[in-house]
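Undergrad: Next one to model:
(one chain, ligands or ions: 2)
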Amino acid sequence: MSENELYDRIEKRNPNETEFLQAVEEVISSIGKVLKKHPEYHQLKILERLAEPERLISFRVNWVDDEGNVQVNRGYRVQMNSALGPYKGGLRFHPSVNQSILKFLAFEQVFKNALTGLPLGGGKGGSDFNPKEKSDQEIMRFCQAFMSELYRHIGHFTDVPAGDIGVGSREIGYLFGAYKKLQNEFTGVLTGKGPKWGGSPIRPEATGYGLVYFAENMMASNGESLEGKTCIVSGAGNVAQYAVEKLIQLGAKPVTMSDSSGFIYDEEGIDEEKLEHIMYIKNVSRGRIKEYTEKYSKAKYTETDSSKDFKPIWETKADCAFPCATQNEVKVKDAKNLKKNGIKLLAEGANMPTMADAIDVLQEAKILYAPGKACNAGGVAVSGLEMTQNRMGVYWTKDEVDEKLKNIMKRIHDDCRKTIEEYELNSHDYLEAANIFGFLKVADAMKAQGIV
Ligand SMILES: NC(=O)C1=CN([C@@H]2O[C@H](COP(=O)(O)OP(=O)(O)OC[C@H]3O[C@@H](n4cnc5c(N)ncnc54)[C@H](O)[C@@H]3O)[C@@H](O)[C@H]2O)C=CC1
Ligand SMILES: O=C(O)CCC(=O)C(=O)O
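TA: Residues are numbered from 1 along each chain as shown. Ligands and ions are numbered 1, 2, ... in the order given. Here you go, the predicted model:
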């Protein structure tokens, strides 16, 4: 079966799952050279098996809001692939959550986790629950109701969820408390736990820090550095906040942050004090990014206009771009605007934030493009380190974990470079390299484990 026939078959089996098909198509179009070299992967239907979740769990979540009304949401866990270890990947609570989005995220996670070099399979889960404007009590009741079904499908050697959009340390706390009560055991069944009860230092920072470490490696391999570079960052959540923190520490100048309502542009740069204020707005008062301009009046706020086929944030003049909000937030017109403004690098903090035709624009223009599955792997890597600490019953220091994170990000970068050479890829093609490297790891493990 040719790659095209294979894609058609997967498309037929998963109709209307646009995001999932987008993620699958990208991998299929990357690994032609591997399949030529290893026809056995074709015979073993490795790709077809990779595109079918080992298990897909969907369940009803009933909970009661503050007014005493019964609410019904849908919960999911996609257990995509366990060839390299227990299923591992975050939970997303957002009204847009559906099967296609979670399958794309779980599929990407399999390759990302393979790239970390740690023993982690891939999965993802979540709910269409909207945490916005919910009280703390409502969040707690929802998390308990969600876990009252999920608990029977997970375990520290089976499936270890963590956070993603809408799931941060507060939610992980409530989810963990509910699991502990239901199973009557205290194990590392979730990562991103509080540092005083089993969490790893640096896990909250890991995705954002790792993203910037990867970008720094990429710049260095092109004889440049991030120091002094003006940076566009989208998002204002976990990944964006710590990407901005690390950019500041490395002497770069982040000038934007955003949420689903709009973005702020601060020409003077977001410094540590300003970032602290953003963290207060987003993590404590749970407000909107627009409130930044109430304190820093020189900054400009632009509202999102979703009827447009481009986002003004990507028109900002800068050297580097870090999309850290959500999937498909960089469209082809945005990529053309970035190119026009002479951007040097785009590194994805979010999962699949750049559309396929926008990636083509960046790569044709020889802009350094770092695919999320390589450069945002720092979060899950430190989750893997949290699992190791939990199993060993030890706590490493902040510096120890940060050092390990730096080394993992460098290794992922170097593995991409080695793959570029070995497969004679275009020297800027980190996307094909990451897909090939991740695929080979999982494919070899699947081959060794037989048809199961
Ligand atoms: N938390 C983690 O460790 C990891 C997260 N990611 C990815 O990073 C991205 C951000 O996740 P987190 O920072 O954890 O979530 P978060 O919930 O902390 O923050 C999400 C941010 O994105 C913004 N956002 C969400 N939907 C949006 C939309 N439709 N338009 C514009 N902005 C939107 C939110 O306003 C918020 O600022 C997601 O794509 C996630 O899958 C990737 C690797 C690890
Ligand atoms: O730490 C984890 O297990 C989850 C990370 C995640 O969801 C991601 O990498 O997208």
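Undergrad: Spell out which parts of this structure neighbour ligand 2.
TA: Proximity of the chain to ligand 2, by Cβ under 6 Å from any ligand atom, involves residues Lys88, Gly89, Gly90, Gln109, Lys112, Ala162, Asp164, Thr191, Asn351, Gly379, Val380, Ser383. C-betas here are computed from N, CA, C, even on glycine.
Undergrad: OK, contacts around Ala318?
TA: Ala318 is in contact with Lys229, Thr230, Cys231, Ile232, Val255, Asn341, Ile343, counting by Cβ atoms under 8 Å, 6 or more residues apart in numbering.
Undergrad: give me that answer again for 6 Å
TA: Thr230, Cys231, Ile232 (Cβ atoms under 6 Å, 6 or more residues apart in numbering).
Undergrad: Now do the phi/psi pair for the first one.
TA: Yep, that's Thr230 we're talking about. Backbone torsions of Thr230, given as degrees, to the nearest 10, read phi -80, psi 130.
Undergrad: for the closest residue to it other than its chain neighbours, phi and psi?
TA: Leaving out its chain neighbours, the residue that sits closest to Thr230 by Cβ to Cβ, 6 or more residues apart in numbering is Ala318, at 4.3 Å. The phi/psi pair for Ala318 (degrees, to the nearest 10) reads phi -160, psi 170.
Undergrad: And Ala318, how close does it get to Phe176?
TA: 39 Å (Cβ to Cβ, to the nearest Å).
Undergrad: ok, back up a step: using JSON lines, lay out the contacts of Ala318 together with distance to Asp357 and neighbour count.
TA: Compiled in JSON lines, the contacts of Ala318 are given as follows (distance: Cβ to Cβ, whole Å; neighbours: other Cβ atoms under 10 Å):
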{"residue": "Thr230", "distance to Asp357": "26", "neighbour count": "18"}
{"residue": "Cys231", "distance to Asp357": "24", "neighbour count": "27"}
{"residue": "Ile232", "distance to Asp357": "20", "neighbour count": "26"}
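Undergrad: mind giving me the domain ranges of the chain?
TA: Structurally, the chain divides into domains by automatic domain parsing as follows: 53-186, 204-375.
Undergrad: closest one to ligand 1 among the ones you listed?
TA: Ligand 1 lies closest to domain 204-375 among the domains of the chain, at 1.8 Å (Cβ to the nearest ligand atom).
Undergrad: quick one: that closest one near ligand 1?
TA: Yes: residues of domain 204-375 are located near ligand 1 by Cβ under 6 Å from any ligand atom, namely 207, 235-240, 258-260, 324-326, 349-351.
Undergrad: What are the contacting residues of the lengthiest helix in the chain?
TA: Longest helix of the chain, by residue count under DSSP state H: helix 398-422. Applying Cβ under 6 Å, 6+ apart, the external contacts of helix 398-422 come out as 115-116, 200-202, 206, 210, 213-214, 217, 374, 377-378, 381-382, 430, 433-434, 436-437.
Undergrad: average model confidence for it?
TA: Helix 398-422 carries an average pLDDT of 98.
Undergrad: Work out the gap between it and the centre of the chain.
TA: 17 Å (Cα atoms, centre = their mean, to the nearest Å).
Undergrad: now do stretch 328-345
TA: 20 Å.
Undergrad: what ranges do the strands span in the stretch 301-450 of the chain?
TA: Using DSSP state E, counting those that start in this stretch, the strands found in the stretch 301-450 of the chain span residues 320-322, 345-347, 368-370.
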